[in-house]
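Colleague: mind folding the following:
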Amino acid sequence: VGYPPDGMFAGSISASAPLAVVASTTSVTTLTASAPSVAHGSVTVLTATVTSGGQPVTHGTVNFCKATAPHCSDLAILRSAQLTSNGTALARIALPLGSNAIQAVFQGTGLIKGSASTTQTVSVTGTYPVSIALTSTGVTGNYNLTANLTGQSGQALPFSTVQLADTSNANLSLGAVYPS
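Modeller: Below you'll find the model as predicted:
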């Protein structure tokens with residue numbers, strides 16, 4: 001590289017410098033879950049393993065994402081973890097009730113291309129918390145009872161059945177109320 005002299009500075013020529021172009025390599029990301037089915041409230045351990053050329057990738061970030069999302073970004077990311085010296089990244093998470101499709105996505109580095117695992121599904125079993133509001137109208141011996149059931153996130157549960165009992169009379173069954 002040369003710089004010609006101008007009125008203020010003397011010219012100069014630098015020695016050539018070798019330029020090496022390094023091709024990036026591909027990676028393979030696999031995902032395992034500690035169990036295919038867990039009880040609600042249990043922690044699931046997600047383990048991503050990233051290799052390139054059969055060797056562990058020891059630097060970079062893995063995002064654990066909702067596989068049903070179009071992209072592994074923003075709200076689709078459940079957790080992020082750094083790769084360790086053995087090429088794994090761990091995430092410990094309590095998943096919501098139902099079927100959870102999860103994918104591990106390695107972001108890549110300057111020399112190693114990113115990759116995504118196949119989808120793993122973890123089923124979370126249990127019941128949703130429910131609150132019951134019971135109101136009565138009328139007079140003793142001639143009254144109406146109304147039960148309002150509310151589930152998670154305040155959603156009404158019209159499909160539920162409520163069993164009524166008189167706790168002042170040895171839990172005498174008063175019957176069942178079905179949705180209308």
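
Colleague: any buried residues in stretch 94-109, and which?
Modeller: In terms of neighbour count (16 or more other Cβ atoms under 10 Å), stretch 94-109 has its buried residues at 95, 100, 102-106, 108-109. Yep, even glycine has a C-beta here, placed from its N, CA and C like the rest.

Colleague: relative to A33, which of the residues you listed is nearest.
Modeller: Proximity of the buried residues of stretch 94-109 to A33 (Cβ to Cβ) peaks at I102, which lies at 7.1 Å.

Colleague: who's in contact with the closest residue in space to that closest one that isn't next to it in sequence?
Modeller: Leaving aside its sequence neighbours, I102 sits nearest to Q120 (Cβ to Cβ, 6 or more residues apart in numbering; 5.3 Å). Contact analysis of Q120 by Cβ atoms under 8 Å, 6 or more residues apart in numbering lists 31-33, 46, 101-103.

Colleague: re earlier: which of the buried residues of stretch 94-109 sits closest to P5?
Modeller: Out of the buried residues of stretch 94-109, the member with the shortest distance to P5 (by Cβ to Cβ) is T109, at 43.3 Å.

Colleague: that closest one contacts H59, doesn't it?
Modeller: Yes: if you go by Cβ atoms under 8 Å, T109 and H59 touch, sitting 6.0 Å apart.
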